[in-house]
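Engineer: return atomic coordinates for the entry below.
(one chain, ligands or ions: 1)
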Amino acid sequence: MSDFPTSARVVIIGGGAVGVSSLYHLAKAGWTDCLLLEKNELTAGSTWHAAGNVPTFSSSWSIMNMQRYSAELYRRLGAEVDYPMNYHVTGSVRLAHTKERLQEFQRVVGMGRYQGMDLKILTPDEVKEVYPFLETHDLTGALHDPYDGDIDPAQLTQALAKGARQMGARIERFCPVDGVEWTGTEWIISTPKGDVRAEYVVNAAGYYAREVGRMFGREVPMMVMSHQYMLFDTIPELEAWSKDVGHKLPLLRDVDSSYYLRQEKNGFNLGPYERNCKAHWISKDDPFPQDFSFQLFPDDLERLEWHIADAMARVPLLEKAPLTKVINGPIPYAPDGNPLIGPMPGVPNAFEACVFTFGICQAGGAGKVLAEWITEGATEWDMWSCDPRRFTGFEDEDYCIQKGMEVYGHEYGIHFPHHAWPAARGKKLSAVHERTKALGAVYGAYNGWERALWYARPGDDTSEAGTQTWDREGPWFAAVKAECEAVRDGVGVLDLPGFSRFELEGPGAADWLSRQITGKLPAVGRMGLAYFADDKGRIVTEMSVVRREEEAFTLITAALAQSHDGEWLKRHLAEGLTLRDRTEDFTCLIVTGPKSRDLLAGLTGADLSAKWLSVQPAAVAGQDCALFRVSFAGELGWEIHATPARMPAIYDAVIAAGAKPFGMFALNSLRVEKGYRAWKGDLSTDYTVLQGGLERFVDWSKPAFRGKAALEAEKQRGVAKRFCTLVIEAGEQDPPYMSTIWHGGKVVGELTSGYYGHRVGAVIGLGMLRADLNVPGVKVEVEIFGTLYPATVQADQPLWDAKNERIRA
Ligand SMILES: Cc1cc2nc3c(=O)[nH]c(=O)nc-3n(C[C@H](O)[C@H](O)[C@H](O)COP(=O)(O)OP(=O)(O)OC[C@H]3O[C@@H](n4cnc5c(N)ncnc54)[C@H](O)[C@@H]3O)c2cc1C
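Structural biologist: Numbering: from 1, shown residues only. As a prediction, the model looks like this:
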């Protein structure tokens, strides 16, 4: 007891694969004064019973990065720390039953290639060559991933622990954390063995993360599922085949049937993700256990019958094997199925690395990311997909359970661009929701807010099945076209609830804000776009800054950015300034189109000749509001900001005056034509402000702003790649995120947005291109689902209304 450490720079709570990897990576970064506290033995949570599959496949760029890094680390880790491990790189085949699934694979092949991985599409006959026991008659193809495999999760954790200890980090087992306290300068972490003082704390408590989070006053958005796999005994034929060829079968994932099948010794491991899945510990008669170390749930094979039968039909050899064991263990799910890695919202010097559903294959990458968050305050790759701040606090238990079960049941589901997942909807409704619904709105959820995606006309197909396509044209297409044309020729109205909104005030507010953004502040009564950079000059966020008074500002930002941007502002806020989150207090309509002035003139006495980017208090239809002369659609227009109570009357008047409602699909089309960037697509920490083509928002003459030194150095060096607009002669699909740009047989950039512009009648790509090729007229190619399509680089100006005459009219 006497050598129990009483202080550490970082304390990690939880000794599963993820916590231990975080410790290892902190030590690797030179932070060796770190301590991991585990309530039981290492791996006692989900780690000990995990199947240990290590795929690199992901349709998310950042998660693929993380998994690729893990696989690379695991290949060298055993030798590096002298801890031999069972890590079999068997490769995998992922089967496609449909054209759409094959397209998903083709996209991932392109992303993988860009990350240096050689994934391949196989024909059904080629699959049979690598997996001879397979029924292929109904397949459209498969994806071969040569890097896939499986690892012993306990050995992986022990190897990482050994490496961390060798570098000087410490691990205390059988040491539960039972409380934490922030003194204002440091954390006191209490355990039965004594208190530990620490600068930083990490919640890496796996499925216990919500319990640990509550010690910090934080409600971690998560739920727990039970997940099973079945082990089948030796099959002589498989044993003989393996002996003959000298290796195991590749891991099989029949994603359209929702299971994986892995050769385990000379038998099989079958792991389904079933639709009729089961949430645990959600009711009073099934309470969350104080301790579930090294325990399992009872077998529940009934739920898996369909998958077992399907797997036996796919690989008939499986029928010959006796089932020997079932593992049914707890697995945590966040509402979108991704883990939480990064700053703990609302809590100083605290981080999360928890709620992993694929914590074995992601542990390596997650440890790297978490260590970067702590030691550098930022990560190499943009990790928004896993950032705890993507949840903003509305995610109650019911939401977490419904979403967790939806994600689990569709673990291998395809994420189509026009599809909206249906579970746990209607959490936040706009003040005019019933009105937009009556007008035919088809909704999607944005930070819980229901926003119209498009407005269906009588007879339009609004089914979920209608959105199961990668194609540009679907049931929404004609309606969206008409919506865009109304905005182009007349007036459109978009109900836009949920804009995140902060009010900043106090003496010195202007000076402080000016040091946070790269550009100039607007004058009183005006607004402007502002970019926030990190110390490396990378794009943290974009906000509309409204200057109400000399020292009073309203900052408006994306719905999803509420927690992220609020935290960023608070973290850097100077003493004496006040910052208030007013998100819930106001809502917004966009009224835009060449006839919007005429329409509003009938509803308000406000000065509608006030210039572009002006802001004024007004009354519209007798209701107090503010008019912002701006339009993300790129036409003459105003944003009307009002309290939710006042908005229905304004909306009714705008509709009665003839405005046509339009939705988010139309807005996306309209903004892409203007080259307006979207946050966490085109704008992310993967790019600097200069790479983002935002130099016109940089005021070099300011004495200081965050990121200035890095941006100056980059400018002097020359910007290697830069924001581009392409017109693409695409086929039937628009290019998805991270479609690669080719030139002379090489990848020279990537797209961050791709959509059809109805006003210009072309497929438009926004992205990043090698600077020497980013010259108007240069011909490049864009890879869309495995096919290269010709594209032309455009001038650095909007494709629609290049001189901004329409918005300034
Ligand atoms: C049946 C099954 C199969 C799976 N197969 C795979 C797979 O093939 N590939 C894959 O990538 N993933 C798989 N997973 C998921 C994987 O098991 C988890 O994602 C992973 O183990 C999570 O690791 P972790 O370190 O985040 O959490 P855990 O392993 O759960 O570790 C958390 C630790 O925190 C400790 N702890 C909790 N509270 C406290 C406290 N107050 N004080 C101190 N310590 C505390 C716990 O004792 C525990 O050891 C599978 C899961 C299941 C259920």
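
Engineer: got the residues of the stretch 351-500 of the chain near the ligand?
Structural biologist: Selection of the stretch 351-500 of the chain residues close to the ligand by CB under 6 Å from any ligand atom yields 354, 356-361. Just so you know, the C-beta spots here come from the backbone N, C-alpha and C atoms, and that holds for glycine as well.

Engineer: what does the stretch 1-150 of the chain give?
Structural biologist: Neighbours of the ligand within the stretch 1-150 of the chain, by CB under 6 Å from any ligand atom: 13-19, 37-40, 44-47, 49-53.

Engineer: the domain parsing of this protein - what is it?
Structural biologist: What automatic domain parsing lists as the domains of the chain is 7-333, 500-582, 685-808.

Engineer: residues contacting the residue of the stretch 501-650 of the chain found nearest the ligand?
Structural biologist: Among all residues of the stretch 501-650 of the chain, residue 563 sits closest to the ligand, at 21.8 Å; criterion: CB to the nearest ligand atom. The contact partners of residue 563, by CB atoms under 8 Å, 6 or more residues apart in numbering, come to 345, 389-393.

Engineer: can you list these in JSON lines and add pLDDT, neighbour count and secondary structure?
Structural biologist: Formatted as JSON lines, the contacts of residue 563 follow (pLDDT from 0 to 100; neighbours: other CB atoms under 10 Å; DSSP: H, G, I helix; E, B strand; the rest coil):
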{"residue": "345", "pLDDT": "96", "neighbour count": "24", "secondary structure": "coil"}
{"residue": "389", "pLDDT": "98", "neighbour count": "22", "secondary structure": "helix"}
{"residue": "390", "pLDDT": "97", "neighbour count": "23", "secondary structure": "helix"}
{"residue": "391", "pLDDT": "97", "neighbour count": "24", "secondary structure": "coil"}
{"residue": "392", "pLDDT": "95", "neighbour count": "20", "secondary structure": "coil"}
{"residue": "393", "pLDDT": "94", "neighbour count": "14", "secondary structure": "coil"}
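
Engineer: tell me where the stretch 351-500 of the chain has strands.
Structural biologist: 441-446, 449-455, 492-495, 500-505 (DSSP state E, counting those that start in this stretch).

Engineer: meant to ask about the stretch 51-200 of the chain
Structural biologist: For the stretch 51-200 of the chain, applying DSSP E, counting those that start in this stretch gives strands covering 87-88, 92-96, 120-122, 141-145, 150-151, 170-172, 179-182, 187-191, 194-203.

Engineer: got it, and the stretch 201-350 of the chain?
Structural biologist: Under DSSP E, counting those that start in this stretch, the stretch 201-350 of the chain gives strands at 223-232, 251-254, 259-264, 267-272, 279-280, 323-333, 340-343, 350-354.

Engineer: next, the angle strand 323-333 makes with the last one.
Structural biologist: The one in question is strand 350-354. For strand 350-354 against strand 323-333, the angle by axes from the mean of the first three to the mean of the last three CA atoms, to 10 degrees is 150 degrees.

Engineer: pLDDT (mean, whole number) over strand 350-354?
Structural biologist: Summarised as a single mean, pLDDT over strand 350-354 is 98.

Engineer: could you export that strand as CSV, CA atoms only?
Structural biologist: Provided in CSV are the C-alpha atoms of strand 350-354 (Å, rounded to 0.1, in the frame of the first residue of the first chain):
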residue,chain,number,x,y,z
ALA,A,350,-11.1,15.7,-18.4
PHE,A,351,-11.3,13.5,-21.5
GLU,A,352,-13.3,10.5,-22.7
ALA,A,353,-12.1,7.4,-24.5
CYS,A,354,-15.1,5.1,-24.0
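
Engineer: note down every partner strand of that strand and its orientation.
Structural biologist: Applying DSSP bridges, strand 350-354 is found paired with strand 194-203 (parallel), strand 340-343 (antiparallel).

Engineer: export the first one as PDB, just CAs?
Structural biologist: I take that to be strand 194-203. Output in PDB follows, covering the C-alpha atoms of strand 194-203 (Å, rounded to 0.1, in the frame of the first residue of the first chain):
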ATOM      1  CA  GLY A 194      -6.000   6.300  -1.400                       C
ATOM      2  CA  ASP A 195      -6.400   9.500  -3.300                       C
ATOM      3  CA  VAL A 196      -4.500  10.500  -6.400                       C
ATOM      4  CA  ARG A 197      -3.900  14.000  -7.500                       C
ATOM      5  CA  ALA A 198      -3.800  14.600 -11.300                       C
ATOM      6  CA  GLU A 199      -3.700  17.300 -13.900                       C
ATOM      7  CA  TYR A 200      -5.900  15.300 -16.300                       C
ATOM      8  CA  VAL A 201      -8.400  12.500 -16.000                       C
ATOM      9  CA  VAL A 202      -9.600  10.100 -18.700                       C
ATOM     10  CA  ASN A 203     -12.900   8.100 -18.600                       C
END
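
Engineer: contacting residues for the closest residue to the ligand within the stretch 201-350 of the chain?
Structural biologist: Distances between the stretch 201-350 of the chain and the ligand by CB to the nearest ligand atom are smallest at residue 206, namely 2.3 Å. Residues in contact with residue 206 (CB under 8 Å, 6+ apart) are 14, 16, 18, 45-47, 332, 354-356, 359.

Engineer: farthest-separated two in these?
Structural biologist: Comparing all pairs in these by CB to CB, the longest separation belongs to 47 and 355, at 13.8 Å.

Engineer: looking at those two, which is more packed in?
Structural biologist: A count of neighbours by other CB atoms under 10 Å puts residue 355 above the other of residue 47 and residue 355, at 32 against 26.

Engineer: quick check: the more buried one touching residue 225?
Structural biologist: No - in this structure residue 355 lies outside contact range of residue 225 using CB atoms under 8 Å: 11.4 Å.

Engineer: give me the common contacts of these two.
Structural biologist: Common neighbours of residue 355 and residue 225 (CB under 8 Å, 6+ apart) are 332-333.

Engineer: hmm, back to that, could I get the strands of the stretch 201-350 of the chain as JSON lines with mean neighbour count?
Structural biologist: Supplementary listing: these in JSON lines, determined by neighbours: other CB atoms under 10 Å:
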{"stretch": "strand 223-232", "mean neighbour count": "23"}
{"stretch": "strand 251-254", "mean neighbour count": "24"}
{"stretch": "strand 259-264", "mean neighbour count": "24"}
{"stretch": "strand 267-272", "mean neighbour count": "23"}
{"stretch": "strand 279-280", "mean neighbour count": "18"}
{"stretch": "strand 323-333", "mean neighbour count": "19"}
{"stretch": "strand 340-343", "mean neighbour count": "26"}
{"stretch": "strand 350-354", "mean neighbour count": "28"}
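
Engineer: what is the nearest of the contacts of residue 206 to residue 496?
Structural biologist: Nearest to residue 496 among these is residue 355, at 30.5 Å by CB to CB.

Engineer: excluding its backbone neighbours, what's nearest residue 621?
Structural biologist: residue 653 (3.5 Å; CB to CB, 6 or more residues apart in numbering).
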